[in-house]
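Participant: Let's see this in three dimensions:
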Amino acid sequence: MPDLTLLFNQLLEGVTRFRGVLLFAACAGLGAAGAWLIAGMPFREHLLDAPNERSSHTEPTPRGGGVGILAAFIVAGLTLRIPTTFLFAGILVSAVSFYGDYFRLSVRFRLGVQLFSALLLLLPMLPRLSAHYSLSTYGFAPCLFFLILPLIFLFVIGTANFYNFMDGINGIAGVSGAIAFGLMGVNVLQRSGADDLQTGLALLSICIALACLGYLPFNLPRARVFMGDVGSILLGFVFAALVVTLARNYQEMASLAALLFPFYADELTTMAVRLRNRENLAQPHRRHLYQILANEFGLAHWKVTLIYGAAQLAVGAVVLIAYPLGALQILIFLTACFIAFALVSLLVRGQIREKRS
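Facilitator: Below is the predicted model:
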């Protein structure tokens, strides 16, 4: 007589796997459906992203195609029973950004919403964060964690805006999202000791990666639609939120954040250049390295995107594989990568100055 308990467990495992596959397929489909919907809608002129002197595109293109990624985030979050505050914080910052894709919103208002969303996200997790990021293991008083907390807020809000600033050529936001969220989800699922929250968030990360893949055919190599702030702000905000929540110590936080290395490196080096030139950082520009490669050097968008994606994949894979070696080795490697990126950036910018002179 067959073991009914074993049969039941096998059946339950099969149903669970089927639901997981169905969820993954749904998220990829939603990413594609949102881009398809926005690309095919009869837009009025002010709903289009018209090219100007700061643009890297030459034709008016609808923006807001990342709404499908938002839909996938909501569906996956509800299905996986992600904490309400985590889910609502992402929805709020993305929904306001979606409105900002079409109607003018002040920078102060946007930052206010992002700050509120970060508070909504992080405050309920304070006990968990204080345990993971306690300084007592380094010989400091536990209360000093509250000096670190503002830096965590800055990391979440800064990453949301960095991702938005880096969404300037075809495919770069979608490819980077697929790589970063995919690597993060797979890495967390493979590590030992993950609790139910971490497992759920890891699956959510994979769902977002698949939604980015679903969106990509509408944005690469030719852009029928742009992701818009609704997608880029959401991806940056949720990426940082996942890093902070899934990391169990500072080494893990740095390692997971490194999965988006090219975005951080390009934005930080560009900010340094602009500060040196005494430029207003709030002023729109196209001074990022990826923009210079696409605009001044004339490289096809898909080529620049693949270069950034390859660098991102290489750095992320090395950091995750080398994690057992320790924090110092990871720090040395990331520092060397950043210096190399900065030198390449300076070299390219120097060639542009020579051409103009």
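Participant: Could you give the number of residues near Gly326?
Facilitator: A count of nearby residues for Gly326, using other C-beta atoms under 10 Å, gives 11. Bear in mind the C-beta positions are built from the backbone N, C-alpha and C, glycine included.
Participant: Could I get the contacting residues of the spatially closest residue to Asn164 that is not a sequence neighbour?
Facilitator: Leaving out its chain neighbours, the residue that sits closest to Asn164 by C-beta to C-beta, 6 or more residues apart in numbering is Ser232, at 4.4 Å. Residues in contact with Ser232 (C-beta atoms under 8 Å, 6 or more residues apart in numbering) are 66, 97, 163-164, 166-167, 173.
Participant: Which of these ranks first by neighbour count?
Facilitator: Top of these by neighbour count (other C-beta under 10 Å): Gly66, with 37 neighbours.
Participant: So what does it have for phi and psi?
Facilitator: The phi/psi pair for Gly66 (degrees, to the nearest 10) reads phi -70, psi 0.
Participant: In this structure it contacts Gly228, no?
Facilitator: Yes - contact criterion C-beta atoms under 8 Å: Gly66 and Gly228 qualify, at 5.4 Å.
Participant: which secondary element of this protein has the worst mean pLDDT?
Facilitator: When the helices and strands of the chain are scored by mean pLDDT, DSSP states H and E, strand 48-49 comes last with a mean of 64.
Participant: Could you pull out the helices in the stretch 101-250 of the chain for me?
Facilitator: 107-122, 126-132, 145-165, 172-190, 196-215, 228-246, 250-257 (DSSP state H, counting those that start in this stretch).
Participant: hang on, the earlier thing: mind checking how far the residue nearest to Asn164 is from Leu92?
Facilitator: Computed as C-beta to C-beta, to the nearest Å, the Ser232 to Leu92 distance reads 16 Å.
Participant: same question, Leu149
Facilitator: Counting by C-beta to C-beta, the gap from Leu149 to Leu92 is 20 Å.
Participant: Also Val315?
Facilitator: Taking C-beta to C-beta, one finds Val315 at 31 Å from Leu92.
Participant: quick one: which of these two has more around it?
Facilitator: Shown here are Val315 and Leu92; by other C-beta under 10 Å, Val315 has more neighbours (21 against 17).
Participant: Just the element for Glu267, please.
Facilitator: Glu267 belongs to helix 261-276 when assigned by DSSP states H and E.
Participant: and Ile157, how far is that from Ala240?
Facilitator: 8 Å.
Participant: These two: which has the busier surroundings?
Facilitator: Per other C-beta under 10 Å, whichever of Ile157 and Ala240 has more neighbours is Ala240, with 26 against 19.
Participant: Not counting its neighbours along the chain, what's nearest that one?
Facilitator: Thr159 (3.8 Å).
Participant: Check Trp36 too.
Facilitator: Phe218 (6.4 Å).
Participant: Give me the neighbour count for that neighbour.
Facilitator: 24.
Participant: measure it to Tyr102 for me?
Facilitator: Phe218 is 18 Å from Tyr102, by C-beta to C-beta.
Participant: any weak-confidence spans in this structure?
Facilitator: The chain contains residues with pLDDT under 70 at 1-18, 42-58, 135-143, 354-357.
Participant: and the two most separated of the contacts of Ser232?
Facilitator: Ser97 and Met166 (14.9 Å; C-beta to C-beta).
Participant: on that earlier part again, with respect to Ala282, which of the contacts of Ser232 is nearest?
Facilitator: Using C-beta to C-beta, these come closest to Ala282 at Asn164, 13.1 Å.
Participant: Now do the same contact list for that closest one.
Facilitator: Asn164 touches 97, 229, 232-233, 236, counting by C-beta under 8 Å, 6+ apart.
Participant: Repeat the analysis, applying 6 Å as the threshold.
Facilitator: 229, 232-233 (C-beta atoms under 6 Å, 6 or more residues apart in numbering).
Participant: Out of those, flag the one nearest to Gln351.
Facilitator: Comparing these against Gln351 with C-beta to C-beta places Ser232 closest, at 28.7 Å.
Participant: what about the closest one, distance to Ile179?
Facilitator: From Ser232 to Ile179 the distance is 15 Å (C-beta to C-beta).
Participant: got it, and Leu259?
Facilitator: Per C-beta to C-beta, Leu259 is found 7 Å from Ile179.
Participant: From the chain's centroid, how far away is stretch 149-159?
Facilitator: 14 Å (C-alpha atoms, centre = their mean, to the nearest Å).
Participant: go on, stretch 237-250?
Facilitator: Worked out by C-alpha atoms, centre = their mean, stretch 237-250 lies 11 Å from the chain centre.
Participant: again, but for stretch 202-222
Facilitator: 11 Å.
Participant: Kindly report the same for stretch 258-273.
Facilitator: Per C-alpha atoms, centre = their mean, the centroid offset for stretch 258-273 relative to its chain is 13 Å.
Participant: which parts of that stretch are buried?
Facilitator: Using 16 or more other C-beta atoms under 10 Å as the test for burial, stretch 258-273 gives 258-267, 269-271, 273.
Participant: And the contacts of that stretch?
Facilitator: 162, 165-166, 180, 183-184, 287-289, 308, 311-312, 315-316, 319, 334, 338, 341-342, 345.
Participant: Among the residues you listed, name the ones in strands.
Facilitator: Applying DSSP state E to the contacts of stretch 258-273, no entry is found in strands.
Participant: I'd like the distance between the nearest residue to Phe162 once chain neighbours are set aside and Gly168.
Facilitator: Among residues not flanking Phe162 along the chain, Glu267 sits closest, at 4.6 Å (C-beta to C-beta, 6+ apart). Using C-beta to C-beta, one obtains 11 Å as the distance from Glu267 to Gly168.
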